[in-house]
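> Model the structure of this input:
(chains A and B)
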Amino acid sequence: AQSVAQPEDQVNVAEGNPLTVKCTYSVSGNPYLFWYVQYPNRGLQFLLKYITGDNLVKGSYGFEAEFNKSQTSFHLKKPSALVSDSALYFCAVSAYILTGGGNKLTFGTGTQLKVEL
Amino acid sequence: KAGVTQTPRYLIKTRGQQVTLSCSPISGHRSVSWYQQTPGQGLQFLFEYFSETQRNKGNFPGRFSGRQFSNSRSEMNVSTLELGDSALYLCASSFGQGGVETQYFGPGTRLLVL
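Numbering: from 1, shown residues only, chains lettered A, B, ... in the order given. Below you'll find the model as predicted:
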C-alpha cells in the first residue's frame, strides 16, 4: 500500500516571503509524486510531478518541489508567495498498475495555504 | 484545447434516489477516472475506465458504478443514495497509453443528498 502525509493542515505566510508545503510519502516501489492545487468551488489543477531525474522539479506558477529519497519527502516550495496562491494544496502518489495498466492517485489530506499582505 | 468538463455542476437529491453524473475528457484522452471528495474522508479513488472497460476500482460499494462510451465520455451512477454520498465528485482524464501519466481534473459535480 502507498500513502502520503501532509503534516500541516494550514500554512500561513506573508506575501513576498518564501513558502513551503510539506509532504512525505510511503511507497513499496518507485515513487511517482504529484502536487495539485484546489481553489474554492473548483477542481484540482496540476502543478508539477516527479517521475525520475532531477530532484528539483519546476512547475506552474513559479512553484517547485524537492524530491528527497532519504527523507521520503516531496515538499512544495515557492520563493516569493502571492496572495493569489492562497488555496488548498494536495500531494499525491501515483500507483501505476502493472497488471492491466492504469493509474490511481492516492492523495494526502491537503494543506490550506493562506498568504497575507 | 478544452479541459475536462462535468455536468451537472450541482445536484440536490433525496435519500433513496439515484443519480447520474457525466464527464467529457480532454480531446484525445482515453482514460477517465472518478474521485470522491468529502471533508471527512478526503479525496478517494472510485474507478477508472479505459476503452469502455473498467480498468481499476477503489473500495466503494456496488451502489457506485460507471461506464464509458466509445467517444471516451464517461458517466458514473450512484443508486439508492445515502446522506453520506454528499460530496464533490471529480472526474480526471489522461491519455491512458501506459506508464505514469498526469491526470487532469474537471471542476467537479457537487452532490447534496437530503
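
> how far does the strand ranked longest in chain A sit from the chain's center?
Identified as the longest strand of chain A according to DSSP state E is strand A:87-96. Chain-centre distance of strand A:87-96: 6 Å, with C-alpha atoms, centre = their mean, to the nearest Å.

> Show me what it pairs with in its sheet, parallel or antiparallel.
strand A:33-38 (antiparallel), strand A:103-107 (antiparallel), strand A:111-116 (antiparallel) (DSSP bridges).

> Most tightly packed of those strands?
Comparing the strands paired with strand A:87-96 by mean neighbour count (mean count of other C-beta atoms under 10 Å in any protein chain shown), strand A:33-38 comes out on top with a mean of 24. For the C-beta atoms, the positions are set from N, CA and C on the backbone; glycine is no exception.

> Give me the mean pLDDT for that strand.
Averaging pLDDT along strand A:33-38 gives 97.

> any chance you could map the strands in the chain?
Using chain A. Under DSSP E, chain A gives strands at A:3-5, A:10-14, A:19-21, A:24-26, A:33-38, A:44-50, A:56-58, A:64-68, A:73-78, A:87-96, A:103-107, A:111-116.

> The chain in question should be chain B.
Going by DSSP E, chain B shows strands at B:5-7, B:10-13, B:19-24, B:31-38, B:42-50, B:53-57, B:64-68, B:74-78, B:87-94, B:104-105, B:109-113.

> Of these, which shows the lowest average pLDDT?
Mean pLDDT is lowest for strand B:53-57 among those, at a mean of 91.

> What parts of chain B come near chain A?
B:4, B:6, B:31, B:33, B:35, B:42-43, B:45, B:48, B:50, B:55-56, B:58, B:90, B:92, B:94, B:96, B:98-108, B:110 (C-beta under 8 Å from any C-beta of the partner chain).

> nearest residue to the residue sitting nearest the centre point of chain B other than its sequence neighbours?
With distances taken as C-alpha atoms, centre = their mean, residue B:34 lies nearest the centre of chain B, 3.1 Å away. Leaving aside its chain neighbours, residue B:34 sits nearest to residue B:46 (4.1 Å; criterion: C-beta to C-beta, 6 or more residues apart in numbering or on different chains).

> tally of neighbours for that neighbour?
A count of neighbours around residue B:46, defined by other C-beta atoms under 10 Å in any protein chain shown, yields 21.

> Over to the one 5 residues further on?
Here the number of neighbours of residue B:51 (other C-beta under 10 Å) works out to 11.

> Go ahead and confirm it touches residue B:30.
Yes: counting by C-beta atoms under 8 Å, residue B:30 is a contact partner of residue B:51 at 6.3 Å.

> anything in contact with each of these two?
residue B:96 (C-beta atoms under 8 Å, 6 or more residues apart in numbering or on different chains).

> State the distance from residue A:35 to residue A:19.
12 Å (C-beta to C-beta, to the nearest Å).

> for chain B, what are the nearby residues on chain A?
A:32, A:34, A:36, A:41-46, A:49, A:51, A:90, A:92, A:94, A:96-97, A:100-110.

> Emit the ChimeraX select command for whichever of those residues are buried.
A single ChimeraX command selects the buried members of the residues of chain A next to chain B (16 or more other C-beta atoms under 10 Å in any protein chain shown):
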select /A:32,34,36,43,44,45,46,49,51,90,92,94,96,101,102,103,104,105,106,107,108,110
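
> What distance do you get for the nearest residue to residue B:58 once chain neighbours are set aside to residue A:91?
Distances taken as C-beta to C-beta, 6+ apart place residue B:45 nearest to residue B:58, at 4.1 Å, with adjacent residues excluded. Separation of residue B:45 from residue A:91 (C-beta to C-beta) stands at 15 Å.
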